[in-house]
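Enquirer: Need coordinates for the below:
(2 chains)
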Amino acid sequence: MKEMKLFLGPQHPGMHGNASVHIYVDGDIIKKSFLLPGMLHRGFEKGMERHSWVNNISLIPRVCVVEPDTNEMAFAMAVEMLAKLEVPERAHWIRMIILELARLSIHLMAYGGLGSPTGLYTMMYHAHTDRNTILNIFEKITGHRVYHQYIVPGGVRKDLPVGIEKDIHSFLDDLESRYEEYRDLGINNPTIQARINDTIPLPAEVVWELGVTGIGMRSAVNKPYDLRKVKPYARYDQVEFDVPVAPYSDAYARVDCKLQEVVQSIGIIRQCLAKMPEGDVRVPISRGQAMRWTVPKGHVYACVESSRGEFGYFMVSDGGTNPYRVGVRGASYPQGLLGIEKYLPGTRLDDAALWVDTMGVCSPEIDR
Amino acid sequence: MTNSMSNTEFVTNLVESKFKVLSTEVLDKYQVSFEVKKEDVHSLLSLLKTSGWIQLSYLSAVDWPNDNEFELVYIVFNWDKAVHIQIRCRLDRETASMNSILPIFPGCKYYEREAHEFFGIKFPGNPDHEKQLILEEWDDIPPLRKDFDPRAYSDRKFSKMEYKNDFVNKNGEVSKQDARTKRYDDIDKLRTGGKK
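Expert: Next comes the predicted model:
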């Protein structure tokens, strides 16, 4: 049969954001595929060099659209490493609440997103309703819904509003009560199972070859390789949680791990609310003008566990008012570019969207 | 990982016993950085890979035009020992070229392509490193070099729109454009402390 070229995206229900996968198919078997990034390149790395350390706080959440808080955290951690800032105790716990709420929101969104390549849109509406509740909580805490600019070098921007614990608890109880419903709707559903069981498996040796991290790796190598456990930042060493793993990574196992992480995140937020001490939430970064704040020389790399894997900022300072160089390690860079090129050939055309969804390929962080 | 402090010492001993390291810095208990010569990078990365640093986390470059050099950065990670290692080396800026690490870390393929696109560093050994990746039909010097000025580029590349004032200010009223110019001047003053 004749080989044919098809485009998956940029406008496709299975594609997130503005990138397209070019696919050469024979029948419906993929022969060759590659990602075409660049449609969302906004020059962040150059832009950061041209803004002061404080100005950059409003720029970095835009790097990954759906998960801005991990960007803020990685940026703040890198600047704190360079400037040797000690973050107040309470700020660590607030940061963890924000990060875990963000993880809940993106896991729900990704789980709902599974609805589009599998054709079950009900899941998506349920998930987006819950995400909306999380965004309402964010709005109360930070004043913004999507880009919060809340985690800043030296702590968090301001303290939690009075009574927000009640909102968070009621949301968590509500989500927990409907957790089984979520599972029944999605991965316990026989039609979905038939679609995602044994679809695009990812062997452990391929994981190391591609450099995949996050759920994709943990579900393949069966070890709790989570940066929150391995290399704890904030106060993750003082809360108890499990890292869901699986011995065999297919689309089902990856979605299953995502849903188990939802339960763990709920537990972490509850522990944070219980253990959080009183006190300051921010150390002043400069004695005078924040715009003229300088950071000592150095090369650092700071990383956090995002919902898709290791998200890192490499940062160089020459002692000036602006960063000298900022490099962003997008969490989905390996599976998005090399994974699609090396690993999709041999699978079927309709599974390409499942790879993009279950591995969490996020085009804004590939382009930057 | 309970004894991470000894992990950084383990790495430092391992590397310093076998290679001539220009500078070592222990950033915290989870991160060490080494500056080595360009020739040592491949053997150092192979050694680290056989010692458990099997994940390439990041690869990029930094431009230092005053020294007329590029600095290449490789960051590798070991999940069992929980130590990130930065390996940095300097390249000559005029003839920037570095043999690819594709045989050691296959995951470097797209990082090297990106470094070529944004800095103009050549990576012989990586078959696709000169293909365009993100910037479509780029027609200037690589954009992350320090001597590339985005504002001059956009002034040259895109036509400027002419704005006309089709209304006359009343006496004593400040025009919007003057107010904007003044605001930008104020911001510049704030940033530089009054110095230009």
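
Enquirer: residue ranges of the strands in chain B, please?
Expert: With DSSP state E as the criterion, chain B has strands at B:21-28, B:31-36, B:55-64, B:69-78, B:83-92.

Enquirer: Equivalent analysis for chain A, please.
Expert: Taking DSSP E as the test, the strands found in chain A are A:4-8, A:20-26, A:29-36, A:151-152, A:155-156, A:298-305, A:310-317, A:325-329.

Enquirer: can I get these in a markdown table with mean neighbour count?
Expert: In short, each C-beta sits where N, CA and C put it, glycine included. Listed next are these as a markdown table, based on neighbours: other CB atoms under 10 Å in any protein chain shown:
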| stretch | mean neighbour count |
| --- | --- |
| strand A:4-8 | 14 |
| strand A:20-26 | 18 |
| strand A:29-36 | 18 |
| strand A:151-152 | 24 |
| strand A:155-156 | 26 |
| strand A:298-305 | 24 |
| strand A:310-317 | 26 |
| strand A:325-329 | 24 |
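
Enquirer: Minimum distance to chain B: which of those has it?
Expert: Chain B sits nearest to strand A:325-329 of all these, at 4.4 Å, using CB to the nearest CB.

Enquirer: For that closest one, enumerate the helices and strands it packs against.
Expert: On a contact count with 3 or more CB pairs under 8 Å, 6 or more residues apart in numbering or on different chains; DSSP states H and E, strand A:325-329 meets helix A:44-49, strand A:310-317, strand B:55-64.

Enquirer: and of the ones you listed, who's closest to residue A:134?
Expert: Across those, residue A:134 has its closest neighbour in strand A:310-317 (19.1 Å, CB to CB).

Enquirer: Could you pull up the residues touching residue 73?
Expert: Picked chain A for this. A:95, A:99, A:151, A:233, A:234, A:304 (CB atoms under 8 Å, 6 or more residues apart in numbering or on different chains).

Enquirer: was after chain B, sorry
Expert: Counting by CB under 8 Å, 6+ apart, the residues that residue B:73 touches are A:299, A:314, A:327, B:58, B:59, B:60, B:61, B:62, B:86, B:87, B:88.

Enquirer: who's the fifth one bridged to?
Expert: With DSSP bridges applied, the residues forming beta bridges to residue B:59 are residue B:74.

Enquirer: my guess is it meets residue B:76, correct?
Expert: No. Between residue B:59 and residue B:76 there is no contact under CB atoms under 8 Å: 9.5 Å.

Enquirer: coming back round to it: how about JSON lines for the strands of chain A, with mean pLDDT added?
Expert: What follows is the strands of chain A, written out as JSON lines (pLDDT from 0 to 100):
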{"stretch": "strand A:4-8", "mean pLDDT": "83"}
{"stretch": "strand A:20-26", "mean pLDDT": "86"}
{"stretch": "strand A:29-36", "mean pLDDT": "86"}
{"stretch": "strand A:151-152", "mean pLDDT": "90"}
{"stretch": "strand A:155-156", "mean pLDDT": "88"}
{"stretch": "strand A:298-305", "mean pLDDT": "91"}
{"stretch": "strand A:310-317", "mean pLDDT": "91"}
{"stretch": "strand A:325-329", "mean pLDDT": "90"}
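
Enquirer: export those to JSON lines and tack on distance to residue A:335?
Expert: Formatted as JSON lines, those follow (distance: least, CB to CB, whole Å):
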{"stretch": "strand A:4-8", "distance to residue A:335": "15"}
{"stretch": "strand A:20-26", "distance to residue A:335": "12"}
{"stretch": "strand A:29-36", "distance to residue A:335": "10"}
{"stretch": "strand A:151-152", "distance to residue A:335": "26"}
{"stretch": "strand A:155-156", "distance to residue A:335": "31"}
{"stretch": "strand A:298-305", "distance to residue A:335": "15"}
{"stretch": "strand A:310-317", "distance to residue A:335": "12"}
{"stretch": "strand A:325-329", "distance to residue A:335": "13"}
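
Enquirer: Chain A against chain B: which residues are in contact?
Expert: A:37-38, A:41, A:43, A:45-46, A:50, A:52, A:81, A:208-211, A:213, A:223, A:225, A:230-231, A:289, A:291-292, A:298-301, A:303, A:310, A:312, A:314, A:316, A:321, A:324-325, A:327, A:329, A:333-334, A:337-338, A:367 (CB under 8 Å from any CB of the partner chain).

Enquirer: which among these end up buried?
Expert: A:37-38, A:41, A:45-46, A:52, A:81, A:208-211, A:213, A:225, A:230-231, A:291, A:298-301, A:303, A:310, A:312, A:314, A:316, A:321, A:324-325, A:327, A:329, A:333-334, A:337-338, A:367 (16 or more other CB atoms under 10 Å in any protein chain shown).

Enquirer: Tell me how far the residue of chain B most remote from its centre lies from chain A.
Expert: Ranked by distance from the centre of chain B (CA atoms, centre = their mean), the top residue is residue B:171, with 52.4 Å. Using CB to the nearest CB, to the nearest Å, residue B:171 is found at 36 Å from chain A.

Enquirer: and the gap between whatever residue of chain B ends up closest to chain A and residue A:368?
Expert: Distances between chain B and chain A by CB to the nearest CB are smallest at residue B:107, namely 3.3 Å. Plainly put, residue B:107 is 18 Å away from residue A:368 if you go by CB to CB, to the nearest Å.

Enquirer: Indicate the residue of chain A located nearest to chain B.
Expert: residue A:211 (3.3 Å).

Enquirer: for the residue lying closest to that residue once chain neighbours are set aside, what are its contacts?
Expert: Excluding its sequence neighbours, the residue lying closest to residue A:211 (CB to CB, 6 or more residues apart in numbering or on different chains) is residue B:107, at 3.3 Å. Residue B:107 makes contacts with A:209, A:210, A:211, A:334, A:338, B:55, B:56, as judged by CB under 8 Å, 6+ apart.

Enquirer: Reformat those residues as JSON lines; add pLDDT and distance to residue A:252.
Expert: Below are these laid out as JSON lines (pLDDT from 0 to 100; distance: CB to CB, whole Å):
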{"residue": "A:209", "pLDDT": "82", "distance to residue A:252": "23"}
{"residue": "A:210", "pLDDT": "83", "distance to residue A:252": "20"}
{"residue": "A:211", "pLDDT": "83", "distance to residue A:252": "23"}
{"residue": "A:334", "pLDDT": "84", "distance to residue A:252": "22"}
{"residue": "A:338", "pLDDT": "84", "distance to residue A:252": "23"}
{"residue": "B:55", "pLDDT": "88", "distance to residue A:252": "25"}
{"residue": "B:56", "pLDDT": "89", "distance to residue A:252": "29"}
